[in-house]
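Trainee: After the sequence you'll find the predicted model.
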Amino acid sequence: MGQNRYRDELERALARSDAKSLRDTISVYHQFAALDGKAAQSFYDDNSVEIDAVILSVNDPDKAFAYLALSTSMFDEPRFLMLMAAGPLENLMKKPRREVIGRIVAEARKNPRFRWMLTGVYLHAISDDARLAIAPLIAGMSSEGPVPDRSS
């Protein structure tokens, strides 16, 4: 519906009324992703609402796209970006509506960092339609390569 009034997914995310809350939530998730063992468990115990919001964002594709767009604009660590790829991004593609596939393809064409993140998706874990749509976009790419610069 109003999908085309935004230049890209980041612009759409920043236009949301809850954009600040989403930025705060993804920052908490970023902190959590850097931890392990008892530190991670303790952090999760204190921040489970925010962490689960990112993990379960597949239930709200618009929110999942917002978390992904914000992640690509806020963080540079390959490990974290690949975590977002193999998590929320991959989950969006397991049983996607056509509109979701279209948004993923459109964003990948506009945003080299987002396209690079697609290399972190386990292709065997996504739908055939999603795999056919993204395979040409990531042909010859590797998650081992350098992280592309943030989109402006």
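Mentor: Good, I have the coordinates. Numbering: from 1, shown residues only.

Trainee: Which residues outside the longest helix belonging to the chain are in contact with it?
Mentor: Longest helix of the chain, by residue count under DSSP state H: helix 37-55. Under the contact criterion C-beta atoms under 8 Å, 6 or more residues apart in numbering, helix 37-55 has outside partners D24, T25, I26, V28, Y29, Q31, F32, L35, K63, Y67, G87, P88. (Each C-beta comes from the backbone N, C-alpha and C, glycine too.)

Trainee: Please give the element, helix or strand, for the third one.
Mentor: Think I26. helix 19-33 (DSSP states H and E).

Trainee: May I see the buried residues of that helix?
Mentor: Buried residues in helix 19-33, counted by 16 or more other C-beta atoms under 10 Å: L22, R23, T25, I26, V28, Y29, H30, F32, A33.

Trainee: Spit out the contact partners of the first one.
Mentor: Taking C-beta under 8 Å, 6+ apart, we find L22 in contact with A13, R16, K63, A66, Y67, L70.

Trainee: Tell me who's in contact with the third one.
Mentor: By C-beta under 8 Å, 6+ apart, the residues touching K63 are L22, A53, S57.

Trainee: Recalculate using a threshold of 10 Å.
Mentor: A13, R16, D18, L22, T25, A53, V54, L56, S57, P88 (C-beta atoms under 10 Å, 6 or more residues apart in numbering).

Trainee: Could you give the number of residues near the third one?
Mentor: In terms of burial, D18 registers 12 neighbours under the definition other C-beta atoms under 10 Å.

Trainee: What's the per-residue pLDDT of the residue of the chain positioned farthest from its centre here?
Mentor: In the chain, the residue that sits farthest from the middle, by C-alpha atoms, centre = their mean, is K38; the gap is 26.2 Å. Note for K38: predicted pLDDT of 97.
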